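Student: just a sequence and a predicted model for now, questions to come.
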Amino acid sequence: MTHRPTSLLLNAAHALDHMFLLVFATAVGAIAADFGVARWEDLMPYGVGAFALFGLGSLPAGRLGDHWGRRRMMLVFFFGMGASMLLCAATTGPWQLAATLTLMGAFSSIYHPVGIPLLVRGAARPGLTIGINGLAGNLGVALAAATTGVLVKYAGWRAAFAVPALAAFAAGIAFALVAPDEPLPPARREATQAPLPAGLLARVFAVITVASVASGLLFNFTTNGNGELLRQRMATITADPAVLGALLALVYVAGACAQVVVGSLIDRVPVKRLYLALVACQVPLFALAAAADGWGLYALMVAFMIAVFGAIPFTDALIVRYVDDRMRSRVSGMRLTVAFGVSSLAVWALGPVVKAAGFGALLAAMAVIAVAACAAVAMLPGRAPAEEGPATDADLRRAPRAAR
């Protein structure tokens, strides 16, 4: 089991990862004004490179994590994120900012396939561990909203990139000092669980990849668009960027706390039933939000972000249950490459879609995406191996028939 100081820094790294990815979206209005771009929607597509590399970089990051070492890769993460954020702060135009954001996205891709497997290795309650880690990650989303709004107001948008960079450097130094060395990289260690039949593993991988694509699209549409949605539909209240940041932070804190509850339930309730129920809640919430405004919209935003964030721990929990630790980083990397690579299109499409059709159409489209996620989750096997007790050789031979 990962010792406590390392666990704390790995959770802090998750917060930094999500925080850094959303600084641009939170400060986009101020950046557009400084660069002479007439509308924030026209600047949003320049951030797509960060989210594309966030997904595409997961594949090599996962392979390096298993074969080179997860501790070493986390050090690359901390110092690379800090350096790339400083470069973002120094840019003078849209294309320079796009390039530095893309570089930051490459470093940010390291965390999920490397940090989470490092954190859950040997965990007695992996669901709760993942839930707490999810809480940390999404507190980073809340932190991006709160600190970016304040920094933009009082110190300018460049400080919103530079100040978090210093936090990344400090966390990297602390991790180098406290994280224990790895005698062997994960791929060269002893197996931690019995292998599953290839057909069952492929089926689970396909389901969680499709569900992850849907979840990633919803996550990117909401976290990148919620600020402008509130600015448009609660205009008199959110004119002050600090107030807007505080309202967004409360939304994300509520969603983040839901992950701890979900993580705890994952250890006790059949995963398929719980996952399907939570994803199904997203459909009516997005549909109702499409026509709402004012405080009614805000209440619905809290609810749909609880449902969006609450669904996040499931894919990592399924990987822990079905995949041996020696290859978890590679499996996570493959899943994330597809899921985050596709969902990065949400960042590119957000501005043009809202400009052409408005937020109502976007929220209706998110309800349709949630329906697709429900269909994917319904294809999961009835019970995961960890819910049925230790698997015997006979259990493994029967698994493909049971799954069908």
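Tutor: Perfect, thanks for sending it. Numbering: from 1, shown residues only.
Student: how near is Val283 to Ala289?
Tutor: Remark: distance between Val283 and Ala289 (C-beta to C-beta, to the nearest Å) = 11 Å. C-betas here are computed from N, CA, C, even on glycine.
Student: go on, Glu190?
Tutor: As judged by C-beta to C-beta, Glu190 and Ala289 stand 49 Å apart.
Student: looking at those two, which is more packed in?
Tutor: Between Glu190 and Ala289, counting by other C-beta atoms under 10 Å, Ala289 is the more crowded of the two (27 against 8).
Student: name the helix or strand for the residue lying closest to the more buried one once chain neighbours are set aside, please.
Tutor: Distance criterion C-beta to C-beta, 6 or more residues apart in numbering; nearest residue to Ala289, sequence neighbours excluded, is Leu300 at 4.3 Å. Secondary structure from DSSP states H and E places Leu300 in helix 294-310.
Student: which residues outside that helix are in contact with it?
Tutor: Residues from elsewhere that reach helix 294-310 (C-beta atoms under 8 Å, 6 or more residues apart in numbering): 134, 138, 215, 218-219, 222, 226, 229-230, 233-234, 247, 250-252, 254-256, 258-259, 261-262, 278-279, 281-282, 285-286, 288-289, 292.
Student: any idea of the mean pLDDT in it?
Tutor: For helix 294-310, mean pLDDT is 93.
Student: return the alpha-carbon coordinates of the helix or strand that it is followed by using CSV.
Tutor: Sequence order places helix 313-322 as the next helix or strand after helix 294-310, per DSSP H and E. The C-alpha coordinates for helix 313-322 follow below in CSV (Å, rounded to 0.1, in the frame of the first residue of the first chain):
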residue,chain,number,x,y,z
PRO,A,313,-14.5,6.8,-10.3
PHE,A,314,-16.1,3.8,-12.0
THR,A,315,-13.7,3.3,-14.9
ASP,A,316,-10.6,3.2,-12.6
ALA,A,317,-12.4,0.9,-10.2
LEU,A,318,-13.2,-1.5,-13.0
ILE,A,319,-9.5,-1.5,-14.1
VAL,A,320,-8.4,-2.3,-10.6
ARG,A,321,-10.8,-5.2,-10.4
TYR,A,322,-10.1,-6.7,-13.8
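Student: for helix 313-322, what is the average pLDDT?
Tutor: For helix 313-322, mean pLDDT is 83.
Student: same check on stretch 282-289?
Tutor: For stretch 282-289, mean pLDDT rounds to 96.
Student: what sits up against it?
Tutor: Residues outside stretch 282-289 that contact it (C-beta under 8 Å, 6+ apart): 218, 297, 300-301, 303-304, 307-308, 311, 363-364, 366-367, 370-371, 373-374.
Student: try it again with 7 Å
Tutor: 297, 300-301, 303-304, 307-308, 363-364, 366-367, 370-371 (C-beta atoms under 7 Å, 6 or more residues apart in numbering).
Student: distance between it and the chain's centre?
Tutor: 21 Å (C-alpha atoms, centre = their mean, to the nearest Å).
Student: which positions in it come out as buried?
Tutor: 282-283, 285-289 (16 or more other C-beta atoms under 10 Å).
Student: same deal with stretch 110-129?
Tutor: Neighbour-count burial for stretch 110-129 flags 110-121, 123, 126-129 (criterion: 16+ other C-beta under 10 Å).
Student: just the ones of those residues in helices?
Tutor: Of these, the ones assigned to helices by DSSP state H are 116-120, 126-129.
Student: hang on, the earlier thing: buried ones among the contacts of stretch 282-289?
Tutor: Burial by neighbour count, 16+ other C-beta under 10 Å: within the contacts of stretch 282-289 this picks out 297, 300-301, 303-304, 307-308, 363, 366-367, 370.
Student: listing request: residues of the chain with sub-threshold pLDDT.
Tutor: Applying pLDDT under 70 to the chain picks out residues 1-3, 191-196, 382-404.
Student: redo that, cut-off 50
Tutor: Applying pLDDT under 50 to the chain picks out residues 388-404.
Student: next SSE after the longest helix along it?
Tutor: What stands out as the longest helix in the chain, according to DSSP H, is helix 198-233. Downstream of helix 198-233, the first helix or strand assigned by DSSP H and E is helix 241-266.
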